Structures are given as structure tokens and as C-alpha cells.
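> Return a 3D structure for these sequence lines:
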Amino acid sequence: MRQTLSTIFAAAAVFIVSFLFFSVRSPIASRGALREKPDDAWDAFQWWYSQRAFPHELIPQGAFQKAASYAKTRMGKESPASVSATPPWVALGPNNVGGRVLSIAVNPSNTDVVWAGSASGGLWKSTSGGEGATAWSYVATGFPTLAVSSIAIDPANTLVMYIGTGEISGYHRPQVGTPGARSSYGMGILKSTDGGTSWVQTGLTWTFPQVTAVEKIAINPMHTQTIFAATSEGVFKSTNAGAAWFVSDTTVMAMDIAINPSDTTIIYATHGNLNSSPNPGLFQSLDAGLSWLPLTNGIPSTNFGRAVLSISPARPSRVYVAIANGSTGAAYGLYRSDDDGGFWALVSDTNFTGGQGWYDIAVGVRTNDPNRVFTSGLDVFRSTTSGTSPVQKTFWYLGYGGMVPPGGPEGPYNYTHADHHAIAFDPVHPDTVYFGCDGGVFKSTDGGDNYFGCNGGLATTQFYNGFANAFGDSLPAIGGLQDNRVVEYGGSTTWSKIDGGDGGWNAIDPTNINIMYDEYVYLAMKKSVNGGISFNGTTAGLPTGSTNANFIAPFAISTSSPNILYAGNKNVYKTTSGGASWFPPNGGANLNGTKLACIGVSYTSPDTLLAGTGTSSFGASPLFQVFASTNGGQSWTDVTGTLPARYPTDIEFDPTLSSTVYVTYSGYGGPHLFRSTNVGQTWTDISGNLPDIPHQTLAVDPLQPGNLYVGTDLGIFHSSNGGASWEDFSTGMVPAMILDLVVSRPNGVLRAATFGNGVYERKLARTASVALLVPNGGEVWQAGQSYLIQWSQQFLTSVKLEYSTDDGGSWNLIASNVPVSPSQYAWTIPSVNSTHARVRVSDGASTSDASNNSFTLILNPDVVNGWNLVSLRLAPPDPRKSVLFPSASSPAFAYNGSYFVRDSLSPGSGYWLKFNQPGFVNYSGDSLSTDSIPVKTGWNMIGSISKAVGVSSIIQNPPGIVTSRYFGYGSSGYSVASTISPGGGYWVKTNSDGTLVLQSTSSAANRIGSVGEGSLSWSPLEIVDATERHQRLYLAREDGRDSAGFYEMPPPAPAGTLDARFASGRMMEALNDFPSKEFGLSIITPAYPVRIGWEIRAGMPDVALLIGDRAIAMKGTGRTTIANADARLFLKIGGSASLPVEFSLEQNYPNPFNPGTQFEFRIPDRRTGGILVSLKIYDILGREVATVLNEVRHPGVYREEWTAKNPPTGIYTYRLVAGSFTSAKKMLLIR
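The predicted structure follows:
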């Protein structure tokens, strides 16, 4: 897993910061009800903002805009090679957990259509009132609109919509006339005239240097061409539907605006937050925005903080305003005016915001009842008495842990997530009210008595840095969310909530996925030993808290020694016991007094690590330095050298080299990415053509370390050459800030954890390679025989095979789309002769490799590769085997009841000789025109003469002594011979001693033939082992001419080759006399698996192949595979009664498995012959992993084996399809 992780990318034109005004929760220990404490939101903001601004107080004006412009106009877009080689990003969810929602709007003409604006995930739409597992879909505006703070729908024409972008919570102008904000960068207001399908910019469009946010948009309900906007720069007004705007009120930090629906000349606006603006308060215009006056009668005069407004159409003179204390963040309370703002009364001083009124505060009054009003901040309160006596209706700590279903329920009836930002009423059904909060969208349909989550598909979760993958497989993965706990990815878009509060860094033990580490803020680390079911604190000896550690403090696990972890506060602490206890390995001295910002540990050595310091508190004077240790933290060396004095965000080691390490930097001005090849002693800037933008994280491909991926506030960039040049790598991803990049090794993907759109995954942009292993030159391969072409490859799924007979001048196709596993292909050599043959393997395009040297293709050789049965066709002057057959790789074996070695060879006898390759046999000698060959009772190996002799012409002395067929031997095993060919050896069995006379005047058919080929009653069985050695057997009806006993087979070859026969020792079994019988099969081979194929011809009785306890009907043409020598093999004649009567698919065995398992299934006997059977494996996302079987099968019981070579640990589905029958079952692979 990753060693250090950090924040990444914003969209190409919007930089979000203020969405990090977080509410922070305390940790929990189980998946049950989660109790959390709101706190530390301001610290979260400081941590986020200052690291990007340093060394400046504010982010430099125009810096982001310049970087965005550069990236758009001068950075290369993703190359076609990258696009074609790697599919686009795929969203992994979570689709059952919502992130922070700032605004909600309900379409008044179709109230099932609901819009939600997220804090950093853009605009979303539901057509089901937010209800259902897939209720929401992302709306692409064509602009990088991450923060959508306001949504307004034209009530006269609901196809017309406006959205306000950006968000602001604190205002700051360091110089007169220089706008600035600790906030988001807004791009003004966008407009749609087709119901949200397409969007354009309106006239209220600021350039990014003006740092402007739109907090609220209000449309005049009587004159919808008139629009008001509350923005960080004041109140703006348009009278022509957004085409042009003018400043209505220059008071900065306008946070909300409301129009009296019956008298639209009366307008209210609130200004200010956190005591950060020069003129905070509640303002009113009585002349449609031409002039504004403060409203002070009954309104707090000091510490006027964030305030929000609501007017009921049922009584427009009644106005509610909820006000937060600008100093403490607590709620001043709810105020009401019943006379159009003339006098205000405090109707409730309930502190519904906790201490975060500057961040979460909302108010909403029912459309048809001005007495029913909701206030929400930390929780939802409801008053039915005009704001007095509010009753708390929801409790944030009641939310469910574990895997909540998409669309809910997320808790009991009185649960909503904490930290509310928006309230919206259904204009047609006033009992229906929506709430936007840090947990997405919640809803009540009974006026606020019962509540439920509406977050199915609302993928707006905000991940912090520290996302963690399992090291050895693709599952699980865990990450910490802003205000939404720690969540676990288990292979589907429905994630599990496994721990509480704001999550931080995470780690998974690379040797045991049940051991997990996470943290709450300020280094409050916890550990799980049961796969995330429960977590317990693991900080004994480890200083934590805001005075010691950064808000999101780093820790890292050693992948080579997983009991060793390092954690950063003001020093680097170490555990060698998996977190049971911690100690400072250097004795306790701080590195430089500044808090740790990032830590990176070598993948190959637990003692080699780097640590970067950087504190991001406002007003601090941190030291930005990098330190290295090669002795497990006992001593540290300052290796900052030429590195910049900015906030270091990530340290990442080359996965294969402890000496190579990378550092990324935040901030603006200067390079952001550096590499060292000597553990930090010297550094090289590899920023290259990357934009000047904060860089947050780096990932290195563990198999091709020259492939680098860097995450920035503008997106993800990729280098295939170690950082010499960079390209965009964002195809398929919505605009979102990414907080981390991690590599999932087993499935070769890059994962991006975003702050606003969940997690995405994409295949790594790897360079494919292939190398031909066999044939590579010098081989001799025989035409008509099968040989294995072998290769190695990386990152290919299939290959194309070709051969050349002219040293590569031209190429002929062998096969295309050959699966890369098992990296070999059985090639049956065509009938060609060539001494200049080569083979080429390729991806069908530019990646290929060919034989280094030529090899030979030989047609009709005298001897073949492996064992050969030979004889002397001439009488040589020197009979030594070494002279006659110098290329033989074995002694010559003769036979006399058993095999024995002969050094000198004689005509008339047959001999076994083994050769390593096919070839021709050349020697001289006298011609043999006749020979009288002595034979003994039993089996005999006889030789030949100089001419072919038909076996029917062989003279037997005494007559009738031959009791078998004559058998020859070749690459297809034993076969019946009709001719004794020169140079061949043959087997024959006799019932007594005697002689066999061969004469050159005898007739010859000149062939070794297969029996039964002329009779339809003879059905062949073909047995083939893994080296492509063959043996053919037969089933036949007795026809009066041949006896099955006449087909007894000779003894096997000496050793190391395929021997297959019936258990009776015969090549053929006759069925006439056995209407119901079992024939045993004997197969001996050193090379499994073995294929058994058959062609059962018409007129044969029912035949079934019994493999152990399996029964496979043999009808027509078919085949099956025998995995090993363990199973007993029989042919059952007349065995239909034992065949299955219905389809079935059994549970695989073993299960769980690693790496191999078996699947048993049954095809019923329905007298329909064969049926196409498909057996495929799918992952939990429904993606096909492997095809185990796709061929015609006959009735019977089958077992197929599958070995999971590449897939990672996880739940898989295997699915059998046989005609109209389909069945699927799940199985578990555990690495």
C-alpha cells in the first residue's frame, strides 16, 4: 500500500478551499450507533488553506487562473496511446454515503425533480424526489463547477435555472482594493434554458483573481427577468435574466437574500461571518434594491455572524432570520419580524448550531403555514408556534454504521446527518421538506416527524488523504471521509462505514487484510484486527492532539515488516509491535520543532524512510524541511538541500529501489516535484512541463517504475519516461479535487480518492511487451505434428502468432486473438519444408518479437521427436548404433520378453530409439530383398527390408502363428500397419516360435493405417496428453471378420511417453456380446492434463465415460479433460440410466480456494445430443474475469477446473449457461 498520501486535484478552473470548514467528530469503536463530538473545524480550515498559500498569507492572486490557463492551452491532452491502452476512469462509489450538500431546489412544475449542489462535487439531479438506490445523477455543466452554493429555478418557466458557484466563510482584504478570501474560487453564475441539459455563463462572471463566491440567488416571482445574487463582493442585480448585472449593494460578504413574494420591492440581505467583514448585519431594501438600510431594531449589534433568511408565502410580512455569533460560532438564536422587518423579536435562543454557526446554519418556514419553522445546524429543530419552543427532531449520533443500503435507511426515523446548510420545501406538497447537510440529502414527508436519507447514487463524499489498499490483492480498501467516518470498499459501489468521525490516514497490513489502522484527527490512531468490525485506540506512548500533530497527521506502515509503523507529530515515532506501543527511535529530540507533514517508508527496507515537516496554522512560522534515516529512525540527516521552502505533501519511494524517492510540494511559484536516487543526498527537479499548481501526491507503477502519476489541484498527470515529460490523465473523470492516488497491484489499477466525488479507478497506462521463448532458433519441427510455441509478456490480453519460411521476409498467420495465459499455443506444423523458418508473436500492432534465429520445418522425416520404432533397411558394414543413428539420444532397446540394450544392430529386428528432434537417417549398406525373421511366442519387434512389404504377403512359418495385428509407432502412438515400410520397426504377436518371411516381390499398400476407418460401426476415441502425444482407441460392433482380441496392443514404449489402451490391453473393444458392460481405460503419461475426444457413430448403444464419480454421455462428437492420474476411467455401455435427468450446477470445491477450484455440473439425458455449454467467472462488479468452458457438451456429469492466476482476493460469481438453462453461484478467492 501507499506509504504517504495527500491531497489532489481540483477542476481546471475552480479551486475549492472553504468547503473544508469542517465539523469534526470524535472517534468510535464499533459499527453500531456512532456518537461524535463537533469540534476543530477552524483547525481543519487552517490545515487546508495555509499549506497552499505559504509563504504568503493568502494564495497569490491570479496564480490558480494562470495555472489553469496553462494546463488548458499548453499542456498536452491525454495522448491517443494512453486513451486506447487504458479505459477511462470508472467510479467506485460510495453510492450509499452522501457528502456535503450546500443547496437544494425542487422543480415547482414537477416536484419529483430535485436538484442538489455539493460543496466540491458539482451539481446533481434526481427525478424520483431523491428516493431510491440510484436516485441521483451527476450533471455536467461544461464548466469546472465544483462548489454549487445556490440553485434557483424560474417559477414561470422551470426550464430556466441558475446556479451560483463558489463558497465563502471568511473575508480578508490585506490591501485596500485587493479582494481576497479564505474561501473557494467562484466563477459567478451559470444559466440553463433547457432544464439543466446545457449551461452558459451569465453576465455575472468574475475572473478567478477576484476570488468571488455566490452564496444565494433569488428570482423575483412576479418578474422573473429580475434576479438578485448575494455574493462575497456584495449584492448584484439583473433585470434581463442574467445577461447583465449591476451592483445593488456594495457591502461585502452577502450571505443570504430573500424577496417578499407579495411585494417584490421589499428585499432582505444578510452580510458577514466570523467578524471578518467591515459591515456585517441584516439589511433591507424597500425599492427593489436601489438602496439599502440596516435593520437594527431587535437585531444583535455586536458579533453579528452568519445569518440566513426565510419568508413564508402564506404570510409574506413575517420574516425569520437565524443568526450566529461571529465570535463564538454559537447561535444567537432565531429572530422574527411580523411587520416587514420593522421590529424583530428573539423568539428562540436555542443553540442549534453548536459552535459552528459560521459553517452550518439554515432556516426554513413552511410554504402554507408561517407558524411552522425549521432551524438546523448541528441537528434539525422544529417549532409549530412561530419559532418559539423549538423541539429537537433529529439526533446526529443515531446514524447506522456498517453497510447501509443505497437510498437508506441510514438511521432511525429521528436521524439526519450533522451540519446542515440548506432547507427546501416541496412547493406542491408542503409536508415534504429536504435538508442539505454534510451527509448529503435528507427528507421528511410528514412535516418533520420522520426523516430518512436520500443519498442513493449521490457520490459526493469527501475523502481526506491517506486512502489505503490491501497490498496483495484488490480488496479491501479503506479511506477517511470528511464528517462521514472511515469507510471500506469491498468490491461494489456500496461501501461499509467501519469507524466514526472525520477519518484521516489509513493502512492495511500487507500480510493480513484483517489488520487495519485508521486515525481520527491529530494522530488519534486506532487498530482493527477483525477486518474493520471494531477498532481500538493504539497510541500508547504516542503524543497526539493539536499541540503535537497536524490536523490530518501522517503515519505509514512498512510493507516489508508490517509490525513496523512510523507516525509523525513533532518527531517521528515508531512501533515494532503493530501499534501496541510507540517510542521515538532517536531518543526523543524533535527534528526541527515543526510538525510532520508527510512520511514515506521504503517498500523494500523498513529502516529507510524520509519525513517532511510543515505546519499549516495561520500565523505560524514553520520550517519546511526533509529529513532522511537509513537506520529505522535512530538518527536523521537534513536532506532538504535544494528543495523549496514550501509545504511538502507526499513522499513516495520507488517500489523496487530504496535509494529512489520522490517528494511533492504544495503552494505556488516554482517547481513542485523532485526525485532523488541516493535517499535524498541530491535532488533533481522533474516538474518538467507540469503547471505551477500545488502538487498533492505521487504514485509509482511497481512493475514499470518509469510510469509516474502526480495528483495536483488541477488534475492527474502521467509520465511514461520517469518525469521527462507529462500528459493529462483525466479522461472519464468528473471535475473533482483528488486527495490521494494509490496503486492497486493485483489488478493493475490506479485509484483516486476525491474530495467531492468518491473514489475512481483506472487501469495503469503500462507499456505492453512480449518476448518469444520457443522456437528461438535451431529447432527442427516436423510437418503435421503439434509443437508448443511459448512466450512471455506484460500487460497484453491476447496475441497474434505468425510464421515465416523465408527468414521473416513474409509472414503467414498461425492464430489470432490467442489468450496470453498460459503463454503457449499448440501449433500443428503445416506441410512445408524450410531451413529458414521463424515464428513471430505480437499484439497485432506495434508490439512484437520473433525467433532470434531460424529453425527447420521438415516434411516426412525418417524419425520424429521422442521415441521411434526403427529397423535397418540395409545391411550396413558397421552395425554399431552410434554409427547408424548418431543423433539418437537414447540407447537402442530390443525386446525379448522385456527390453534390453543393443549396441550393435541387426537387420530383421526392431529397436526403440529416442530422438530430440525429427530428421532423416542416412547410412550405406547392401540392399535387403528378403529376410526370414525369427519370432518367439508372444510379442516380437520385427524389422524391414529395403522395399515395402504388405503384411498380407508375409509368410508365416508355421502358418497361422500370428495372433495380432501388425503395429507401427509414430507421433500418434500405436497404429495398425498394413505395410512393413523400409526403416520401420513393428510389433507382432505369435502363438508359437517360428519365422516370418519378408520378400521384396510381395505387394504393399505402403501405409500405416488407422483401423475401422472404412466401417461406420467403428467409433474412435482420441487421447492427447499435454505434450500433444496422441493415441487412438476404438469401440466397434463385432462384424464377424475381426476379433477384438486381435487388437491387443504391444507393450508400451520404454519410458516417458503417452501410453493409452483399454484395461484389457487392447486398442479396440467390441460391443456385440456386451449389451451392458464397463470397459476400463488405462492412461499413462508424464504430462497431464489429458484430453479425451470421441466420435460415437450411428448404431452404437449408449456410451458414457465414467471419470471417478462423474458420468459423461458420449454422443456424437465431444471431448473432456482429465486433470490428473488420480481418477479411475471406464466406458459404460448401455449406461443412460445413470445419466442426469436435469440440469444442475454445484457449489465449487474447495471454497474458499487459492488458487484452484473445481466446478461440477450436470447435463441431462434428453436425447437431444450435444448442447453448447458456457461457464464463465465474473467479479463483484459484473466484469468477466475468465472463460472456463465454451463448447458443446453431451449429457453427463462434468467437472471443470479453474486456476486463478491473476485475480485478487474477492468474491466472484461463476455462471453456467447451457441452452435455456442458467445458474450462478458465488465463491471466495483468498490469496
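
> Secondary structure element holding P861?
Under the criterion DSSP states H and E, no helix or strand holds P861.

> I meant to write Y603 there.
Y603 belongs to no helix or strand, assigned by DSSP H and E.

> Assess the claim that it and S560 are in contact.
Yes - with contacts defined as Cβ atoms under 8 Å, Y603 counts as touching S560 at a distance of 6.7 Å. C-beta here means a position set from N, CA and C on the backbone, and glycine is covered the same way.

> Comparing these two, which residue is more hemmed in?
A direct count of neighbours by other Cβ atoms under 10 Å for Y603 and S560 places Y603 higher, at 24 against 16.

> contacting residues for that one?
3, 559-560, 653-656, 658, 702 (Cβ atoms under 8 Å, 6 or more residues apart in numbering).

> now do L346
Contacts of L346 (Cβ under 8 Å, 6+ apart): 298, 332-335.

> Mind putting these into a markdown table with pLDDT?
A markdown table is the format used below for those (pLDDT from 0 to 100):
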| residue | pLDDT |
| --- | --- |
| G298 | 96 |
| Y332 | 96 |
| G333 | 95 |
| L334 | 99 |
| Y335 | 99 |
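
> looking at those residues, which has the most residues close by?
L334 (26 neighbours).

> Now render the contacts of L346 as JSON lines, adding distance to R1037 and secondary structure.
Below are these laid out as JSON lines (distance: Cβ to Cβ, whole Å; DSSP: H, G, I helix; E, B strand; the rest coil):
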{"residue": "G298", "distance to R1037": "111", "secondary structure": "coil"}
{"residue": "Y332", "distance to R1037": "103", "secondary structure": "strand"}
{"residue": "G333", "distance to R1037": "102", "secondary structure": "strand"}
{"residue": "L334", "distance to R1037": "99", "secondary structure": "strand"}
{"residue": "Y335", "distance to R1037": "104", "secondary structure": "strand"}
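
> Tell me the one of those nearest V487?
Closest approach to V487 among the contacts of L346 (Cβ to Cβ): L334, at 34.9 Å.

> Enumerate every residue touching the closest one.
Listed by Cβ under 8 Å, 6+ apart, the contact partners of L334 are 320-322, 346-348, 350, 363, 373, 375, 383, 387, 390.

> distance of F374 from L334?
Per Cβ to Cβ, to the nearest Å, F374 is found 10 Å from L334.

> anything in contact with each of those two?
What both F374 and L334 touch, as defined by Cβ under 8 Å, 6+ apart, is the set 363, 383.

> ok, back up a step: got a markdown table for the contacts of L346, with distance to K1226 too?
Output for those, formatted as a markdown table (distance: Cβ to Cβ, whole Å):
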| residue | distance to K1226 |
| --- | --- |
| G298 | 65 |
| Y332 | 57 |
| G333 | 56 |
| L334 | 54 |
| Y335 | 58 |
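
> These: which two are farthest apart?
G298 and L334 (12.1 Å).

> what about V529, neighbour count?
15.

> Can you get me the start-to-end distance on stretch 474-485?
22 Å (Cα to Cα, to the nearest Å).

> Stretch 840-856 now?
15 Å.

> repeat for stretch 255-263
Per Cα to Cα, the first residue of stretch 255-263 is 22 Å away from its last.

> can you check stretch 823-841 too?
Stretch 823-841: ends 11 Å apart by Cα to Cα.

> Tell me which residues of that stretch come out buried.
823, 825, 827, 829, 834, 837-841 (16 or more other Cβ atoms under 10 Å).
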